[in-house]
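Chemist: need a 3D model of the following:
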Amino acid sequence: MLIRSAAAALAIAFAAPAVMAQDTPAAQSETLPDIALGSEDAPLTVIEYASFTCGHCANFHKDTFPALKAEYIDTGKVRFIQRDVYFDQPGLWAGVLARCGGDDKFYPVSDMLLEEQQEWLAGGTGEEIAANLRKIGLKAGMTEDQMTACWEDTAKAEQLITTFQQNAAADEIEATPTFIIGEQKVQNQPWEGLKEVIDAELAKAEAAN
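Modeler: Below is the predicted model of the structure:
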């Protein structure tokens with residue numbers, strides 16, 4: 001999925017009546033830190049730029065991420081970071097929900113959002129999509145009031161957008177999913193291709209240490 005311009009993303013993000021507050025913050029906000037999965041001492045870091053509304057991203061997390069997690073993240077070889085990209089209103093709403101329960105719930109909620117992407121995006125209106133997202137939040141242990149507060153926090157929404165804009169610009173991201181594996185930027189591809197790059201970058205990182 002191709003990335004919209006930062007200006008378009010910002011305009012879209014705050015155009016959602018009854019789901020997020022409509023007052024766009026005037027000042028540029030600070031960026032948010034990455035939320036990492038895996039050992040802090042892992043020799044290699046893999047960053048995925050993903051959108052919660054990107055079908056290819058959902059397929060990666062269903063078909064490929066389990067192997068990456070089992071073979072590299074869980075074994076301490078790779079530290080994984082997911083960085084959100086926002087194409088549209090629902091993608092931002094999902095991004096807010098993923099962080100609503102705190103850092104510890106980010107990856108579990110992200111997994112649910114990607115695994116159930118077709119179901120929650122099936123709503124014909126913004127209100128229906130928001131209602132579907134609430135169902136995921138409830139399954140993750142959030143309360144209705146908690147989710148409402150998160151979606152009405154326009155300052156946090158702007159932080160998310162600013163973080164996305166700065167990270168994507170710095171890494172020259174043009175589509176999702178895109179991976180930064182060590183020193184290489186890699187487009188989406190079958191697991192065998194990603195694994196080959198990971199092994200090569202892992203060997204370089206281990207040799208450097």
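Chemist: next, the residue most central in space within the chain: phi, psi?
Modeler: The centroid of the chain falls nearest to D84 when counting by Cα atoms, centre = their mean (3.1 Å). Dihedral angles of D84 (phi, psi; degrees, to the nearest 10) stand at phi -80, psi 150.
Chemist: that one pairs with what?
Modeler: Legend: beta-bridge partners of D84 under DSSP bridges are A50.
Chemist: residue contacts, it?
Modeler: Contact analysis of D84 by Cβ atoms under 8 Å, 6 or more residues apart in numbering lists A50, S51, F52, G91, G95, A98, L160, T163, F164. All C-beta spots, glycine's among them, are computed from the backbone N, C-alpha and C.
Chemist: ok, those residues vs Q118, which is closest?
Modeler: Nearest to Q118 among the contacts of D84: F52, at 11.9 Å, using Cβ to Cβ.
Chemist: measure that closest one to R83 for me?
Modeler: 12 Å (Cβ to Cβ, to the nearest Å).
Chemist: so the two - more neighbours on which side?
Modeler: Taking neighbours as other Cβ atoms under 10 Å, F52 and R83 compare with F52 leading, 27 against 19.
Chemist: pull the CA atoms of stretch 113-123 into CSV?
Modeler: This file holds the C-alpha atoms of stretch 113-123, laid out as CSV (Å, rounded to 0.1, in the frame of the first residue of the first chain):
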residue,chain,number,x,y,z
LEU,A,113,-6.2,-5.8,14.8
LEU,A,114,-4.2,-7.4,12.0
GLU,A,115,-5.6,-10.9,12.4
GLU,A,116,-9.2,-9.5,12.4
GLN,A,117,-8.6,-6.8,9.9
GLN,A,118,-11.3,-7.8,7.4
GLU,A,119,-13.9,-8.1,10.2
TRP,A,120,-13.4,-4.7,11.8
LEU,A,121,-13.0,-2.9,8.5
ALA,A,122,-16.2,-4.4,7.2
GLY,A,123,-18.3,-1.6,8.7
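Chemist: what mean pLDDT does that stretch get?
Modeler: Averaged across stretch 113-123, the pLDDT comes to 94.
Chemist: buried stuff in that stretch?
Modeler: The neighbour-count check on stretch 113-123 (16 or more other Cβ atoms under 10 Å) flags L113, L114, E116, Q117, W120, L121 as buried.
Chemist: and I35, how many neighbours?
Modeler: I35 has 18 neighbours, counted by other Cβ under 10 Å.
Chemist: is it true that it touches F106?
Modeler: Yes - at 4.7 Å, I35 and F106 qualify as touching, with contact defined as Cβ atoms under 8 Å.
Chemist: quick check: neighbours shared by the two?
Modeler: Q82, R99.
Chemist: among the buried residues of stretch 113-123, which pair sits farthest apart?
Modeler: Maximum pairwise distance in the buried residues of stretch 113-123, criterion Cβ to Cβ, is 11.1 Å, between L114 and L121.
Chemist: OK, contacts around E201?
Modeler: L44, I181, G182, E183, Q184.
Chemist: average pLDDT for stretch 42-50?
Modeler: Mean per-residue pLDDT for stretch 42-50: 97.
Chemist: so who does V109 touch?
Modeler: Counting by Cβ under 8 Å, 6+ apart, V109 touches L97, A98, C100, G101, I136, G137, A140.
Chemist: gap between it and G141?
Modeler: As judged by Cβ to Cβ, V109 and G141 stand 9 Å apart.
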